[in-house]
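K.L.:
my questions are about this predicted structure, shown below with the sequence.
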Amino acid sequence: MSIGTMEKIMLSLLILPAFIYTASGLKCYGCDEEKNTTCPGWQRSPVDTVADFGDNTGLYTHCVTVQLGDGRIVHQGAYPGETHCAPTFLEAWKQFLNAKWNQDVSINCCESDHCNGDTTKSSAPLPTHLSLVTILPSILILILSM
């Protein structure tokens, strides 16, 4: 192989993970008891903010879970964390929901794929793009050894 070809292969392998990663967005479980979408949402496939909401700009940055004081989850979804997970918004939202459900409500914001999933399980499913990225170094080593 010539040096030019090797440089092209290495550049392609470095760029590939970026394309794989941007092909999908944040994955959050979703449900809404008020809209008759049963909770908890981890009983279904998670929502992908790019594929399902068309969020190519990264607006949706957080997964949210709303849980009642009695332990029932009544809402889960992807939200713009800059607004919906800001302390002042969370406090107002919490007060509104406390009055609506007539009990204490907790709102949890988190920032990674599947983070609003079943916390009683040992781990959330591994996102596909991470699995592919971990394979790429092996491919690079294989090509370099040729």
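P.N.:
Everything's here; your move.
K.L.:
would you map out the domains in this structure?
P.N.:
1-24+127-146, 26-124 (automatic domain parsing).
K.L.:
these: lowest mean pLDDT?
P.N.:
Mean pLDDT per stretch puts domain 1-24+127-146 lowest among those, at a mean of 54.
K.L.:
please enumerate the helices of this protein.
P.N.:
Ranges of helices in the chain, per DSSP state H, are 3-22, 81-84, 87-101, 128-144.
K.L.:
who does the nearest residue to residue 81 once chain neighbours are set aside form a beta bridge with?
P.N.:
The shortest distance from residue 81 to any non-neighbouring residue, by CB to CB, 6 or more residues apart in numbering, is to residue 62 (3.4 Å). In short, each C-beta sits where N, CA and C put it, glycine included. Counting by DSSP bridges, residue 62 is bridged to residue 79.
K.L.:
and residue 62, how many residues sit next to it?
P.N.:
22 (other CB atoms under 10 Å).
K.L.:
from residue 36, how far out is it?
P.N.:
Using CB to CB, to the nearest Å, one gets 24 Å for the distance from residue 62 to residue 36.
K.L.:
just checking, the residue nearest to residue 81 touches residue 89?
P.N.:
No. Checked against CB atoms under 8 Å, the pair residue 62 and residue 89 is beyond contact range at 11.5 Å.
K.L.:
so residue 48 sits against residue 29, correct?
P.N.:
No. Judged on CB under 8 Å, residue 48 makes no contact with residue 29 at a distance of 11.3 Å.
K.L.:
so which of the two has more stuff around it?
P.N.:
Legend: neighbour count by other CB under 10 Å for residue 48 and residue 29, higher for residue 29 (26 against 19).
K.L.:
which residue is the nearest non-sequential neighbour of the more buried one?
P.N.:
residue 41 (3.4 Å).
K.L.:
many thanks, we can stop here.
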